[in-house]
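[1] Got a predicted structure plus its sequence, pasted below:
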Amino acid sequence: MIKLSKRMKEAVKMVEPNKVYSLKEAIATIAKFPKVKFDETVELHLHLNIDTKSTDQGVRGTVLLPNGTGKKVRVAVFCKGPQAQKAQDLGAEHVGAEDLIDKVQKGFLDFDCVIAAPDMMRDLSKLGRVLGPRGLMPSPKAGTVTVDIERAVKEVKAGKIEFKSDKQGGLHVGIGKRSFSAEKLLENAQTTLDAINQVKPASVKVNLIKSLSVSTSMGPGLRVAI
């Protein structure tokens, strides 16, 4: 039997059993939970109406959160020439080509996002076993393989995130920090849900979202009306 901490017990008491909250109510309730020693991430947890065995029903996309993520994103950019200088000027933490590839092969992983120019992908493929399992391999679908390096770096720094359904038909995404105002969290949440619905597979004939809940990193989940 799992033993709940005193803080978790207090938070659970604030959640009405069997109640389905509006998104606005859920975010307001989360704000009342006892705080922990760090700024928790507020998360959306979705169960999708998709056939996980069907190759055409995976849900994947990106969304630019209007109020950012609330955390500093460390960016690694693989490119050459003038693009490299632009990436550095925009605040990319690590910029390089073959030299950066060699560094990563030797174990360097001090970054949260990878952006690459198309002409780097052949060389970058050798990092598939390193970056792939960590969800860091750049992809055209995510906008992280692009000729417009400048735009990609700006968007990631401004709060662009990627979302992807898992093998169980779930989708989990952070929409900001608990220190955000309720209005900013609500706007980020609604923007994210809109983006998810926009990439609904054509073969899904019912509502894409089967169930939705909101939680903080260390708090209980609240069921939210779809």
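    Received it, and whenever you're ready, just let me know what you need.
[2] Low-confidence regions, this protein specifically.
    For the chain, the stretches flagged by pLDDT under 70 are 1-2.
[3] and this structure, what are its domains?
    15-68+161-224, 75-157 (automatic domain parsing).
[4] helix or strand for residue 100, which one?
    Using DSSP states H and E, residue 100 sits within helix 98-105.
[5] can you put the domains of the chain in CSV and add distance to residue 9 and mean neighbour count?
    Every residue, glycine included, has its C-beta placed from N, CA and C. Below are the domains of the chain laid out as CSV (distance: least, C-beta to C-beta, whole Å; neighbours: other C-beta atoms under 10 Å):
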stretch, distance to residue 9, mean neighbour count
domain 15-68+161-224, 9, 17
domain 75-157, 33, 17
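[6] gap between residue 83 and residue 153?
    Distance, residue 83 to residue 153, using C-beta to C-beta, to the nearest Å: 10 Å.
[7] and for the two, which residues touch both?
    Common neighbours of residue 83 and residue 153, using C-beta atoms under 8 Å, 6 or more residues apart in numbering, are residue 77.
[8] For this protein, which segments are assigned as strands?
    Ranges of strands in the chain, per DSSP state E, are 41-48, 60-64, 75-78, 94-96, 113-116, 160-164, 170-177, 209-216, 222-224.
[9] Can you lay out these as TSV showing distance to residue 6?
    Shown next, in TSV, are the strands of the chain (distance: least, C-beta to C-beta, whole Å):
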stretch	distance to residue 6
strand 41-48	22
strand 60-64	36
strand 75-78	39
strand 94-96	42
strand 113-116	37
strand 160-164	33
strand 170-177	23
strand 209-216	16
strand 222-224	20
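[10] Of all the ones you listed, which one comes closest to residue 12?
    Minimum separation from residue 12 across the strands of the chain (C-beta to C-beta) falls at strand 222-224, 10.7 Å.
[11] Pull the residues that contact that closest one.
    By C-beta under 8 Å, 6+ apart, the residues outside strand 222-224 that reach it are 15, 19-23, 26, 29-30, 211-215.
[12] Apply 10 Å and report the result again.
    Contact partners of strand 222-224, identified using C-beta atoms under 10 Å, 6 or more residues apart in numbering, comprise 14-16, 18-27, 29-30, 44-46, 189, 193, 209, 211-215.
[13] I'd like the distance from it to the chain centre, please.
    For strand 222-224, the separation from the chain centroid amounts to 19 Å (computed by C-alpha atoms, centre = their mean, to the nearest Å).
[14] surely residue 168 meets residue 45?
    No: with contact defined as C-beta atoms under 10 Å, residue 168 does not reach residue 45; the gap is 11.5 Å.
[15] still on that earlier bit, packing partners for the helix holding residue 100?
    Here helix 98-105 touches strand 75-78, strand 94-96, helix 121-124, helix 128-131, going by 3 or more C-beta pairs under 10 Å, 6 or more residues apart in numbering; DSSP states H and E.
[16] now these as TSV including distance to residue 60?
    Output for these, formatted as TSV (distance: least, C-beta to C-beta, whole Å):
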stretch	distance to residue 60
strand 75-78	20
strand 94-96	25
helix 121-124	18
helix 128-131	17
